Every structure is written in C-alpha cells, then in structure tokens.
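>>> no FASTA, just this:
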C-alpha cells in the first residue's frame, strides 16, 4: 500500500468498525492472572504494532528511542503483523505461547481477556476515549489521540458559486445549502455504496443522538430506548429527503468508496461527509479548488460535539513478565509530548494540548476539535456502551434500502428488530 489515498480507505474502515469489536468484549469473560510485574529498569519488551505506509517500523523505532535512552536497561523490539492484521497475529502468538508485551491496534473481542487492566490513574483517564473504552468497569486501552468523524468536507469554489458564505449549523440549513449547490451544477452530497452509506448516516446521527445520551447504546442494550423513537428517526428523515430531492448521486449504490473520493476531488460534488483520515488524501490530490471542513450540523443548531475514536491505542498483555516496564513505556507513549505529537502528526490526528505544524485543512479540523466542549464515541459505541457485533453491517444494509423505496420507519423497525435479537 503506497498511496495515501489507499491508506485513507483502510484507516476509515478501521475507525468505523473497530469500536464495535472493542465493545463486543464486554461479554468475553474475566481477566487472566498477570504474568508478573517484573523489573521496571531491566527488560526486553516486544511491541506488536500496526504497520502502514506512515506507521513504519522505522517510525516506531524512532518513537521508542528516547524511552530506551532514558531507560538503558530496557530494550524494545518492534514486530509487524505476520497474519492479516494485528488481532489475527496476536491470536496466533497467544496460541503459540509467545505473545508480545504490548500491542497497538484494533483488537477483536477474543483478545480483551488477555489484556492487563490499566491503573485507575489520571494520566490514563486523560487519554482520548479511555473512559469510554471501559469493559466491565476496567480500562484496558489507552490511545495517543483522537481520530475525528462527523465532519463535512466541502468544495470552497462550489460554495462560493452557490453564494454560500456561512457554514450551516442545523440540518435544515445544510439541506437548504445542498439545494443551492445542486442549482449551481454540483452533486450536492457525495456518497457511495459499500460501507460508506451507513457510515455517513452514523456520522450524521452521532452528534445528535449521543450528545444528550452518550450511553445510548448501553441503554438500548437494556431496552430502555429504541431507534424508532429517538433522533435517529429525524436524521433518517433528513437523509431520505436528500435521496428524494436527488441531493445525493442517483447511482450512489453503484459507486465504490474510491469513486466517491475521485468525484469529490475532481470537483464534481460539493460536500463529502467523512472522517479526519480523509485529510491526507485531500492534501495529496491535485485539484482545482480548496477543500474546507465544518462540523456536522445538529438538528436544533446546538454546538456539535466531536465524534471520533482513539488513534494508535496501546494495551499490555496479561502474560507479559515485564508488567512494570511495559506500563512505563505505555505511559510514555501516551503522555510524553514529543512521542504523542509524533504519533498525532503521522496520521493527522488530534489531542487538546498537543499541537504540531499541519496543513491548513488539518488545522481546520483541529480547530473543530478545540472548539468543541464535548466528545462522543463514533460509530456504534465502545466498551460496555456498544452495539452487538454486526450492527454496522446491518445498519448499512438497512440505510441502503432507502435507495430502494424503504421509508425511515421501515428501516428503523428493521434495525430495532435486529438489535433486540442480537443484544447482549
């Protein structure tokens, strides 16, 4: 995988599906006994990490080098996945009796019982989404930053041609702007089939549903709320109106994610609902217009919370014989300013209090993060507050039914039925 455009596809998919995997772990059972605390000053630590075109072995080597210098008795080795991904490789290593000390990346539900609970200390609680990642009341993962979702990228030239000078604050204002953009000759709201349809609707719904009820999925698991009588219904009504008024591409279901990217960057469409992983792709592309970004509007115009998930999350294996040294390294990776900034900069992610030189578009996303007073977990929740396995796929399938004549009422009834059957 060489081009950033390809990387953005992978990153986006992880951001929208990994949280559900993390959330499924709540029913995975109890924790195993620790492998022992070990020495904090003398240890050989193995790190299993996610490798991408930017998160290379060299990147990780440079990342841990200052820690090794400050802890001369601790040596760190970097391991890349040998299977399809980090989670699959870790399962193989566990089966072989040779797991690493630390792991970074999205993990499946089966792995969570193999992890060490992180301490109830402020430095852990202060990491993005640590509290939301709790399983059975325990924090098992700490990330370096915030990967933002629920933002709208837009073609500045298209907005100027349509006479739009103020960014929309409500869903109604956004719809009105999309109509003006259609009249100006653009595809107003770019979307696609594959996973994109359901993901975009979730990005529309999260700031509206989770803003006032951040534990919404936990409440849905208990049967206290449902989709049909929540703000999900209002969001779907907005989206259906876009389909009916041809504010999304009529052939959307025949488009792939890459097609949507290409059409937006070619200047054919005016807006593209996506996550912050799209920034490197937009920055790299040759285009005849500037790309802007604004926070997802809300139904009532109230300030939208930041919706996202943890970036480069770290966990410690229960079986590690070097618990003390591993915890020291994990703390360094998520609190040391130089280390955190390096991790954020590599993927264009964000965290309050950790600034770095960035492109104008990346800075604009960062300003959205800084201006937000609240943060909600993107996609289908995280930790104990999460949807059952398969929710993202089911929602995507049902939302795509709107293009085939289904009504929001039909879609939500189907989702509620599926959810009740699959809730933990």
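Now that the structure is in, tell me what you want to look at. Fair warning: this is a prediction, and the values are worked out from it, not measured in the lab. Numbering: from 1, shown residues only.
>>> do a quick rundown of the helices in the stretch 101-250 of the chain.
122-125, 156-161, 171-183, 196-209, 216-221, 231-244 (DSSP state H, counting those that start in this stretch).
>>> could those be laid out in CSV, adding mean pLDDT?
Output for those, formatted as CSV (pLDDT from 0 to 100):
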stretch, mean pLDDT
helix 122-125, 96
helix 156-161, 98
helix 171-183, 98
helix 196-209, 92
helix 216-221, 87
helix 231-244, 97
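>>> among those helices, which is nearest residue 277?
Among the helices of the stretch 101-250 of the chain, the nearest to residue 277 by C-beta to C-beta is helix 196-209 (11.7 Å). The way it works is simple: take the backbone N, C-alpha and C, and place the C-beta from them, glycine included.
>>> nearest to residue 319 among the helices of the stretch 101-250 of the chain would be which one?
Among the helices of the stretch 101-250 of the chain, helix 122-125 sits nearest to residue 319 (C-beta to C-beta), with 20.6 Å.
>>> next one: that closest one to chain centre, how far?
21 Å (C-alpha atoms, centre = their mean, to the nearest Å).
>>> might one say that residue 321 is in contact with residue 42?
No - using C-beta atoms under 8 Å, residue 321 is not in contact with residue 42; the gap is 11.5 Å.
>>> ok, those two, which is more surrounded?
Set side by side, residue 321 and residue 42 show more neighbours around residue 321, with 16 against 13, by other C-beta atoms under 10 Å.
>>> measure the more buried one to residue 119 for me?
18 Å (C-beta to C-beta, to the nearest Å).
>>> and this protein, what are its domains?
7-14+24-147+311-355, 151-303+388-422 (automatic domain parsing).
>>> for those, which has the smallest mean pLDDT value?
Confidence, taken as mean pLDDT, is least for domain 7-14+24-147+311-355 of these (a mean of 83).
>>> what's the neighbour count on the closest residue to residue 423 other than its chain neighbours?
Leaving out its chain neighbours, the residue that sits closest to residue 423 by C-beta to C-beta, 6 or more residues apart in numbering is residue 221, at 5.0 Å. Residue 221 has 23 neighbours, counted by other C-beta under 10 Å.
>>> and residue 304, helix, strand or coil?
Assigned by DSSP: H, G, I helix; E, B strand; the rest coil, the conformation of residue 304 is coil.
>>> okay, the helices of the stretch 101-250 of the chain in a markdown table with distance to residue 333 next?
Shown next, in a markdown table, are those (distance: least, C-beta to C-beta, whole Å):
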| stretch | distance to residue 333 |
| --- | --- |
| helix 122-125 | 11 |
| helix 156-161 | 37 |
| helix 171-183 | 39 |
| helix 196-209 | 27 |
| helix 216-221 | 29 |
| helix 231-244 | 37 |
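>>> and residue 336, which of the ones you listed is closest to it?
The nearest among the helices of the stretch 101-250 of the chain, by C-beta to C-beta, is helix 122-125 at 10.6 Å.
>>> in the closest one, what's buried?
Of the residues in helix 122-125, residue 124 count as buried by neighbour count, 16 or more other C-beta atoms under 10 Å.
>>> repeat for stretch 56-67
Buried residues in stretch 56-67 (16+ other C-beta under 10 Å): 59-60, 63-64, 67.
>>> can you tell me which of those residues are in helices?
The helices, defined by DSSP state H, take in 59-60, 63-64, 67 from the buried residues of stretch 56-67.
>>> export those residues to JSON lines and tack on distance to residue 337?
JSON lines is the format used below for those (distance: C-beta to C-beta, whole Å):
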{"residue": "59", "distance to residue 337": "17"}
{"residue": "60", "distance to residue 337": "18"}
{"residue": "63", "distance to residue 337": "13"}
{"residue": "64", "distance to residue 337": "15"}
{"residue": "67", "distance to residue 337": "13"}
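>>> just these now: which is nearest residue 152?
Closest to residue 152, out of all of these and judged by C-beta to C-beta, is residue 59, at 30.3 Å.
>>> I figured that closest one hits residue 339, correct?
No - assessed by C-beta under 8 Å, residue 59 is found out of contact with residue 339, at 11.4 Å.
>>> hang on, the earlier thing: and the residue nearest to residue 423, how far is that from residue 215?
Taking C-beta to C-beta as the measure, residue 221 falls 10 Å from residue 215.
>>> quick one: the strands in the protein, in order.
43-48, 74-79, 102-104, 142-149, 151-155, 187-190, 269-274, 291-295, 306-316, 375-377, 381-382, 385-386 (DSSP state E).
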